[in-house]
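1. Here's a sequence, model it:
(one chain, ligands or ions: 1)
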Amino acid sequence: MNLKIAIIGSGPSAFYTAQSLLKKNIDSEIDIIEKLFCPYGLIRYGVAPDHQNTKNVSRVFERVLNNTNVEFFGGIEINESPTVDEIMEIYDAVVIASGMAKDRKLNINEESKTGYFGATQFVNWYNGHPEYQNLKPNLNTDSAIIIGNGNVAIDCARILVKTINELEDTDITKTAINSLKKSSIKNVYIIGRRGPLDAKFTTVEIREMDELSDCDSILSKGTIDKIDKKLMGDGMAKQYRILTSFNEEKPIDSIKSKTVKFKFHLSPKEFIGEEKISGLKFINNLNPDEELEVIDAGIVISAIGYQGDKLAGVISDELGKIIHKDNVIKDRLYTAGWISRGPSGVIGTNKHDGSKVANHIENNVISKNSPGRIALKSLLKLKNKRYVSKEEWIKLDQEEIKRGSKGSPRLKFTSHSEVFNFLDSI
Ligand code: NAP
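-> Have a look, this model is predicted:
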């Protein structure tokens, strides 16, 4: 019956969907359509460069991509042109797995302040995302503030305080390494709006903060006194045990040059500085009537969660989450991953979504002899859109690996023009 299936997006949920479909041995042609020139989404641009083991899941996805029934269309954004409706017309089933890649807003006076970044901007910058290479964060400041108590906040802090030695065998960009080499940041504040036992850090990530070669992690003074001691009993989860075991002062004999200080019960209220940030004022959530607490810093990163881009022709909520029922948007149109359930969970959480969508397709989609791939190629030609094919991506991948040096796994291409110039030159 040869089903023609299009998957929009190429991150974990897209690949887990394709993998589940392949495992079912459905006679199908699967096309993965991606806005960027390269596959793997969050694995390539979200996961921190010093977490190469986590990135290794892309080997599983590589095997999916290498399947002869799967093709890749990189550099094609499905939204205004082509639209989801146009893709629906030429495929039997379409899966939207486009992820969430925008920062949630703080909704204070952050707009157009120099020195303020959302975490997705900062993370995408050091990970080489083509749209963020002009970010130029000014690291020529003593202190940085990171708002949020999730793993993204920890990732940003770790990158700011690791030594260059600790980062050189990663795939962080050369631009980021050069900026970090010149960085004068000595203090990083990680700010939670609730207490330490409400933080969302996971065990591995918080433990890493205790193992940095040139940085001490400490709690702000009085943190432990404010915790309800009943909650600190035997059953306390490992991540909180580690977090609450940090000192409340930098050890006097420490020779480490940097400090990460975890502060809690503070909500950002107002940036200080006209155009360029010089600090941030916070409300103390335990004593809201108290005077605002001021922390001086030349760079502020908010890591308070992601939101999705609205997609023409699909209904989403205010955070960009697609409205659906059990991953079904409507007949023949499905959704998986963060864009369907919000930005939470680990990479493997997306497996479940992938298999649910594959079940729906297996049970409910009947081939209507859609043209699929051949029609997509014609449509893109008509719209004058050049795409990166699977064969071309394999060449880019090999070139990136070849360009890596000094233990670094790869040196990424960081712009579409660089990619197409390379492809034209071979
Ligand atoms: P997250 O885990 O949801 O953490 C968001 C943090 O921002 C929370 O502490 C939240 O506080 C806080 N927050 C939200 N709105 C705020 C506001 N207006 N003002 C102040 N604070 C605010 O999100 P994330 O860190 O972006 O991570 C997203 C997902 O990716 C998570 O599932 C995470 O585990 C995963 N991830 C995993 C890794 C890894 O495994 N190494 C790395 C990165 C990301 P409340 O709790 O009070 O709402």
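2. Please work out how many residues are found near residue 145.
-> 26 (other C-beta atoms under 10 Å). The way it works is simple: take the backbone N, C-alpha and C, and place the C-beta from them, glycine included.
3. please begin residue numbering at 29 from this point
-> Sure, I'll start counting at 29 from here, so that last one is residue 173.
4. what's near enough to touch it?
-> Shown in contact with residue 173 (C-beta atoms under 8 Å, 6 or more residues apart in numbering): 216-217, 219, 308, 323, 325, 327-329.
5. Could you single out the nearest of those residues to the ligand?
-> Nearest to the ligand, judged by C-beta to the nearest ligand atom, of these is residue 219 at 7.3 Å.
6. what separates the residue in the stretch 79-228 of the chain that the ligand sits nearest to from residue 416, distance-wise?
-> Closest contact between the stretch 79-228 of the chain and the ligand, by C-beta to the nearest ligand atom, is at residue 178 (2.2 Å). Residue 178 sits 32 Å away from residue 416, going by C-beta to C-beta, to the nearest Å.
7. quick one, helices of the stretch 329-454 of the chain?
-> 366-369, 377-392, 401-410, 418-431, 444-453 (DSSP state H, counting those that start in this stretch).
8. Revised request: answer the last question for the stretch 79-228 of the chain.
-> Under DSSP H, counting those that start in this stretch, the stretch 79-228 of the chain gives helices at 80-83, 86-94, 112-118, 147-154, 179-189, 192-195, 202-210.
9. Please tabulate those helices in TSV, including the columns mean neighbour count, mean pLDDT and distance to residue 273.
-> Output for these, formatted as TSV (neighbours: other C-beta atoms under 10 Å; pLDDT from 0 to 100; distance: least, C-beta to C-beta, whole Å):
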stretch	mean neighbour count	mean pLDDT	distance to residue 273
helix 80-83	14	94	25
helix 86-94	16	97	34
helix 112-118	17	98	50
helix 147-154	24	98	26
helix 179-189	24	98	16
helix 192-195	14	95	22
helix 202-210	15	97	28
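10. Mind putting these into JSON lines with distance to residue 317?
-> Listed next are the helices of the stretch 79-228 of the chain as JSON lines, based on distance: least, C-beta to C-beta, whole Å:
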{"stretch": "helix 80-83", "distance to residue 317": "44"}
{"stretch": "helix 86-94", "distance to residue 317": "51"}
{"stretch": "helix 112-118", "distance to residue 317": "50"}
{"stretch": "helix 147-154", "distance to residue 317": "31"}
{"stretch": "helix 179-189", "distance to residue 317": "27"}
{"stretch": "helix 192-195", "distance to residue 317": "43"}
{"stretch": "helix 202-210", "distance to residue 317": "40"}
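11. The stretch 229-378 of the chain: strands as residue ranges?
-> 243-247, 286-291, 294-300, 307-312, 321-324, 327-330, 334-335, 356-358, 361-363 (DSSP state E, counting those that start in this stretch).
12. closest to residue 432 out of the ones you listed?
-> The minimum distance between residue 432 and the strands of the stretch 229-378 of the chain falls on strand 243-247, with 26.1 Å, by C-beta to C-beta.
13. So what are the sheet partners of that closest one and their directions?
-> Taking DSSP bridges as the criterion, strand 243-247 pairs within the sheet with strand 286-291 (parallel).
14. now the strand it pairs with and strand 307-312, what's the angle there?
-> For strand 286-291 and strand 307-312, the angle between their directions (axes from the mean of the first three to the mean of the last three C-alpha atoms, to 10 degrees) works out to 30 degrees.
15. starting at the chain centroid, how far to strand 286-291?
-> 23 Å (C-alpha atoms, centre = their mean, to the nearest Å).
16. cool, and stretch 252-268?
-> Worked out by C-alpha atoms, centre = their mean, stretch 252-268 lies 30 Å from the chain centre.
17. what's the closest non-adjacent residue to whichever residue of the stretch 329-454 of the chain sits closest to the ligand?
-> In the stretch 329-454 of the chain, the residue that lies nearest the ligand is residue 332 (3.6 Å; C-beta to the nearest ligand atom). Spatial nearest neighbour of residue 332, excluding adjacent residues (C-beta to C-beta, 6 or more residues apart in numbering): residue 176 at 4.6 Å.
18. And for the one you found, the neighbour number?
-> Residue 176 has 23 nearby residues by other C-beta under 10 Å.
19. Now do the same for it: its pLDDT.
-> Residue 176 is assigned 98 on the pLDDT scale.
20. what residues does this protein put near the ligand?
-> By C-beta under 6 Å from any ligand atom, the residues of the chain that approach the ligand are 79, 134, 175-181, 183, 220-222, 226, 228, 230, 233, 295, 331-334, 371-374.
21. ok, residue 421 - how many residues close by?
-> 22.
22. Confirm for me that it is in contact with residue 103.
-> No: between residue 421 and residue 103 there is no contact under C-beta atoms under 8 Å: 10.0 Å.
23. shared neighbours, these two?
-> Contact criterion C-beta under 8 Å, 6+ apart; residues shared by residue 421 and residue 103: residue 65.
24. Tell me who's in contact with residue 135.
-> Not one residue lies near residue 135 by C-beta under 8 Å, 6+ apart.
25. Name the member of the contacts of residue 173 with the most neighbours.
-> Among the contacts of residue 173, residue 329 has the most neighbours (other C-beta under 10 Å), with 29 neighbours.
26. who's it bridged to?
-> Residues in a beta bridge with residue 329, per DSSP bridges, are residue 145, residue 174.
27. Alright, I will stop here.
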